[in-house]
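Undergrad: Quick one: sequence plus predicted model below, questions after.
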Amino acid sequence: MNRYVSDGNVRSDVGFTLDDSFGDLEVETMLIEVKQSSENQAFNVGVGGSIYRACEIWGDRIYFGCCDMNVYCISMEGRLIWSFKTGHNTPIVSLDNGVAYAGSFDNCLYAIEASGGRLLWKFPTGGKIISKPLIDNGAVYFGSEDGNLYALSLKGRLLWAFKTSGPVASDPIVSSGRIYFGSGDSSFYALDTGGRLLWKFRAGDAAGSAVMLKGDIYFACNDHNLYSLTAEGRLRWKFATGDCLPMMTPGSSGDNIMFGSRDNNVYSVDARGRMSWRFTTNNMVINSPRVHDGVAYVGSCDGRLYALDERSGKLLWSFATRAPIVARPVVKGGAVYVGGWDCNFYALDKDSGRLLWKFPTSLSYMAPVDVKYAKGKDRVEFTWRPPEEAKVDKKEEGRDLSGYGEFSGTYIRKEKSDYVASGKRSYIKKREF
């Protein structure tokens, strides 16, 4: 298969403008497909150099997982200290007491010595792991695509597993001896530390990660709503947005909850469910802001990291990358750290957005997403079909294919096809894969 880079711009009636700054047709079409699917695509990411979960900082080192199958440890200046290879994508890392816990798409949870990258143990599950491990009171809690929330000892021994009816992509939280998490079975759960069900709340679709604020629970849901529950599982309110919410943990500051939506917006909502402000980006926002010293830092699928005033939502600065920013930023000292879909890990000045350094991952091509659609739901298909004269063999790599071919798409709903997007563009062959 060939990949092409674009030098043009196409308007698509399926929801947003394709951003020619990416220069990658594959990324642009992937975003359109994800936008049109109502399903959580977290488990459908393939191998590539992309980063899509937050890093962890411990002491003077930065740890993060990557779709290139590695867990990385780098210095605060962006120099590699060590990397650890797993069997598949390893998007998420947690640090505790000198141990890095990494969930992988090879179905295993890894415990790695944080100082030198040596494997301590690994625990197999029945599915991919994107849930961030939580370490509390001598136990490691995490979810798996196999529908279980697991509790392990710090030596990797199974303490218990609680089975739900859907994949668990959410990050568990612990408060007052209770474990809270969401599941793809449209339920939000509360367990005791022995794995016994205390209560469950039925939501409208897959339930995501939660945050506790002043004794109340707030979690994002795929039914377009942010839910607020009491600690006993009673609904306080729900706040509706224009599209699905990410499964990631909402941000919080003072009495406000901040979160992104696939409707392209970042929201700040008060404890009563009233909107304080909304900031609109140019594409989906599928992570949550990180608030530090009055500034909310958040990435967007338009490829930018935004710094917003916490109280007003006013834009302070933005930094552009070559592809979506899905990972949640982390702030320490004078810098904000974030991984990009474009195969780079970035350090920026937190006050100005100036690039301090970037660290490239081991693969220079971005991770693909095998977009899944719910049965009977809307879907969008895009294809690139260059005519015969546009074909390029290996020795002609880099040739400008100006004027060749047509980018078109078909939006399919209830078995009715409507032609919705097309435009002539120029493409340059990028690589073979």
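TA: Done, it's in.

Undergrad: what pairs with Tyr346 across the strands?
TA: Val338, Lys358 (DSSP bridges).

Undergrad: Let the chain start at 440 from now.
TA: Let's use 440 as the start, then, which means that last one is Tyr785.

Undergrad: Hmm, Val777 and Leu744 touching each other?
TA: Yes - Leu744 is in contact with Val777 according to Cβ atoms under 8 Å; the separation is 5.8 Å. The C-beta positions use only the backbone N, C-alpha and C, and glycine is treated the same way.

Undergrad: For these two, list the residues in contact with both.
TA: 736, 738, 764, 768, 785, 787 (Cβ atoms under 8 Å, 6 or more residues apart in numbering).

Undergrad: if I pick Lys594, what's in contact with it?
TA: For Lys594, the contacting residues are Trp560, by Cβ under 8 Å, 6+ apart.

Undergrad: redo that, cut-off 10 Å
TA: 550, 559-560, 562, 579 (Cβ atoms under 10 Å, 6 or more residues apart in numbering).

Undergrad: Same check on Ile520?
TA: With contact set as Cβ under 10 Å, 6+ apart, Ile520 has these partners: 499-502, 511-514, 554-556.

Undergrad: Would you mind giving those as TSV with secondary structure, neighbour count and distance to Lys474 added?
TA: Listed next are the contacts of Ile520 as TSV, based on DSSP: H, G, I helix; E, B strand; the rest coil; neighbours: other Cβ atoms under 10 Å; distance: Cβ to Cβ, whole Å:
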residue	secondary structure	neighbour count	distance to Lys474
Asp499	coil	10	39
Arg500	strand	18	36
Ile501	strand	25	31
Tyr502	strand	23	31
Tyr511	strand	27	30
Cys512	strand	23	35
Ile513	strand	21	32
Ser514	strand	12	37
Ser554	coil	15	42
Gly555	coil	10	42
Gly556	coil	17	38
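
Undergrad: from these, which single one is nearest Ile612?
TA: Tyr502 (20.4 Å; Cβ to Cβ).

Undergrad: about what we covered before: who has more neighbours, Leu744 and Val777?
TA: Val777 (28 against 22; other Cβ atoms under 10 Å).

Undergrad: Chain neighbours aside, what residue packs nearest to Lys789?
TA: Excluding the flanking residues, the one nearest Lys789 by Cβ to Cβ, 6 or more residues apart in numbering is Val775, at 4.7 Å.

Undergrad: so what's the nearest residue to Phe784 once chain neighbours are set aside up against?
TA: Using Cβ to Cβ, 6+ apart and skipping the chain neighbours, the partner closest in space to Phe784 is Phe798 (4.4 Å). With Cβ under 10 Å, 6+ apart as the criterion, the residues that contact Phe798 are 490, 501, 503, 511, 513-514, 516-519, 776, 778, 782-786.

Undergrad: surely Thr669 meets Ile656?
TA: Yes - at 7.4 Å, Thr669 and Ile656 qualify as touching, with contact defined as Cβ atoms under 10 Å.

Undergrad: any residues in contact with both of the two?
TA: Common neighbours of Thr669 and Ile656 (Cβ under 10 Å, 6+ apart) are 640, 675.

Undergrad: List the buried residues for stretch 795-814?
TA: 795, 798, 800, 802, 804-808, 810 (16 or more other Cβ atoms under 10 Å).

Undergrad: Could you find the lowest-pLDDT member of those?
TA: Least confident of the buried residues of stretch 795-814 in the model: Val810, at 82.

Undergrad: Am I right that it is in contact with Ile471?
TA: Yes - if you go by Cβ under 10 Å, Val810 and Ile471 touch, sitting 9.4 Å apart.

Undergrad: for Lys474, helix, strand, or coil?
TA: Classification of Lys474 by DSSP: H, G, I helix; E, B strand; the rest coil places it in helix.
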